[in-house]
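Colleague: Sequence plus the predicted model coming up.
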Amino acid sequence: MPRCTAFSRPPAVETWAPISTVTSMRFRFAPSPTGVLHIGGARTALYNWLASRGEKGELVLRLEDTDPERSTEENVASILEALEWLELDWDIGPLRQKEREDRHRECVQQMLESDLAYRDPASAEEVASWKKENGNRGYRGKGADDPSAAVRLRVPDEGETVVRDEIHGDVSFPNSAIDDFVIARSDGSPLYNLAVAIDDLDMEITDVVRGDDHLSNTPKQILVMEALGTTPPRYAHLPLLHGPDGKKLSKRHGADSVQALRDSGYLPEAVRNYIALLGWGTEDDETLLTTEDLIARFRIDRVGKAAAIFDEQKLRWMNGRYMRGLPVDDYTARVAAFIDREVDDRLRDACEMAQEKAQTLAEVWPLIGYLFEEPELDEKAWRKVMKEGSADLLESSHSALADLEGFGVPEVEKALEQVVVDSGAKPGAVYQPVRVALTGGSVSPGIFETVSALGQEQTLSRIEAAIDRCRSEQGATG
RNA sequence: GGCCCCGUGGUGUAACGGUUAGCACGCCAGGUUUUCAACCUGGUAGCGCGGGUUCGACUCCCGCCGGGGCUACCA
């Protein structure tokens, strides 16, 4: 059996570690730049990252860009940006598969010369009809002396190819059902199943961790490796991620890309924690796990087999937990970056006040914006809150607050509580109108904090404006 | 159609040949003499179906049903 002896030579990319230094496990994350990094891809990246850190191994980042039609530089940049935001790094790369085309062509040539592969001009239609006539068996071409024909690998008719999978166990595929698949196009350019096999071999990848959608491709890659006289790495095929409708995650599922998650105000550490739990869980059911915990506890062989549905509600909850656990300065810095504002004491105080309320960075500004600009009135909230006696209660609140010397939370609290006592109204009947008057909406931080933070002057003038509006509305309708 | 994978509450998961099938999100109901998306307490809800194996099956085997992937000179 002829071998592709060139495998023993160090790959021609300087960022690679010398093969002699490979002592432990080497993982790889190999996204195709044919689109942005979506949640499923992010999880695959995370699992590879966790495993490579946990096992004291290495991680290779490789861009599978052998499809010139669909691969773009924009996608490459987007994927890199997504990984950076997720704070996932790698040891080797980013490598580009396209740059290794010579190597791939060289292997094809060798396989051709040793008759492990052959040229076949058959079109897709011809292959289809062949299969139809042959009871759906794997396609076997006759081979032709046509230098411009695509190259197919010779797949044996007998036996089976077994994928040894860390998650699924052994999965076997009858060779007779596998087509003599194309490994190089008519123009000689290498195809995915060939390039992946050669690169995983050359880069001495010990563990291939990727999505379940590749499980059916794996025997083909193993066949390539066997044709080249080498043994395949270990595999682990992750169950796919589905959208809320149970279908494969796609664009229409909303927050599907990493950037969309970022722009929705989620924290990278929360996203990591959340997606780590999609398909994997600990023995003791811990839910909130720091990245250190994840690295220490993640086990690829404990990953489940069933597809999981991405549930944004749980991510929101988890994100809120992380938000509330942040030191105020850190919290403020993240909010500032998110809303594109400078950090200052005012913002810091506002953030501190809002911290226990917001679940995402995007929810912070709506809670504190009234401190920085005239709020926009939420008509619905106004109608819900402003009842018949509201104007009078607002006036009571106004005078109680106007009399105040200090305007700290304790003073405000005491004053407004007195209004409640004196009026005999329910607390909500007193506080909600004030809240709407000040913030425009019915949701804000605690009412005393909300009032105190705005300051006496602004508070009084906004309450006055609200009273005016109440009166005029009553006049108009009554 | 062919090959392959998967199937614990609405969602993510845990455990296990013998448990009242656990945890978390959600949801519902209270509580927080201030809204609420935060917080606290309680509650609701599950082993897809049918056969086996077994003293005993969610757990092992088979069939079915359901979902998914691959089946490109895409990755």
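Modeller: On my side now, so go ahead.
Colleague: in the stretch 51-200 of chain A, which spans are helices?
Modeller: Counting by DSSP state H, counting those that start in this stretch, one finds helices in the stretch 51-200 of chain A at the ranges A:73-86, A:101-113, A:124-133, A:192-202.
Colleague: Give me the distance between the third one and the centre of its chain.
Modeller: Yep, that's helix A:124-133 we're talking about. Relative to its chain's centre, helix A:124-133 lies at 40 Å (C-alpha atoms, centre = their mean, to the nearest Å).
Colleague: Does RNA strand B have contacts with that helix?
Modeller: Yes. With C-beta under 7 Å from any atom of the strand as the criterion, RNA strand B is reached by helix A:124-133 at A:A124, A:V127, A:A128, A:K131. All C-beta spots, glycine's among them, are computed from the backbone N, C-alpha and C.
Colleague: Generate a PyMOL selection restricted to the buried entries among these.
Modeller: In PyMOL, a selection of the buried entries from these looks like this (16 or more other C-beta atoms under 10 Å):
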select buried, chain A and resi 127
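Colleague: average pLDDT for stretch A:65-72?
Modeller: For stretch A:65-72, mean pLDDT is 92.
Colleague: Now do the buried residues in that stretch.
Modeller: Of the residues in stretch A:65-72, those buried (16+ other C-beta under 10 Å) are A:D65, A:T66, A:S71.
Colleague: Equivalent analysis for stretch A:405-420, please.
Modeller: A:F407, A:V409, A:E411, A:V412, A:E413, A:A415, A:L416, A:V419, A:V420.
Colleague: Check stretch A:177-185 too.
Modeller: A:I178, A:D179, A:D180, A:F181, A:V182, A:I183, A:A184.
Colleague: And for stretch A:149-159?
Modeller: A:A149, A:A150, A:V151, A:R152, A:L153, A:R154, A:V155.
Colleague: Point out the residues in the stretch 151-300 of chain A that sit beside RNA strand B.
Modeller: So the stretch 151-300 of chain A meets RNA strand B at A:168-169, A:171-174, A:177, A:179, A:181-182, A:185-187, A:191-193, A:195, A:212-217, A:239-240, A:242, A:246-248, A:277-283, A:285, A:287 (C-beta under 7 Å from any atom of the strand).
Colleague: Equivalent analysis for the stretch 351-478 of chain A, please.
Modeller: Proximity of the stretch 351-478 of chain A to RNA strand B, by C-beta under 7 Å from any atom of the strand, involves residues A:356-357, A:359, A:363, A:366-367, A:413, A:420, A:427-428, A:431-432, A:435, A:441-448.
Colleague: Pull out the buried members of those residues.
Modeller: Looks like those have A:357, A:359, A:363, A:366-367, A:413, A:420, A:431-432, A:435, A:441, A:444-448 buried, using 16+ other C-beta under 10 Å.
Colleague: Could you verify my assumption that A:Y47 touches A:G211?
Modeller: No. Counting by C-beta atoms under 8 Å, A:Y47 stays clear of A:G211, with 10.2 Å between them.
Colleague: what do those two both touch?
Modeller: A:L238 (C-beta atoms under 8 Å, 6 or more residues apart in numbering).
Colleague: Neighbour count: these two, which is higher?
Modeller: A:Y47 (25 against 15; other C-beta atoms under 10 Å).
Colleague: and that one, how far is that from A:L294?
Modeller: 10 Å (C-beta to C-beta, to the nearest Å).
Colleague: Now the common contact residues for the two.
Modeller: By the contact definition C-beta under 8 Å, 6+ apart, A:Y47 and A:L294 are jointly contacted by A:A276.
Colleague: which ones are touching the residue nearest to A:T161 when sequence neighbours are not counted?
Modeller: Nearest residue to A:T161, sequence neighbours excluded (C-beta to C-beta, 6 or more residues apart in numbering): A:P219, at 4.0 Å. Going by C-beta under 8 Å, 6+ apart, A:P219 touches A:T161, A:V163, A:F173, A:I178.
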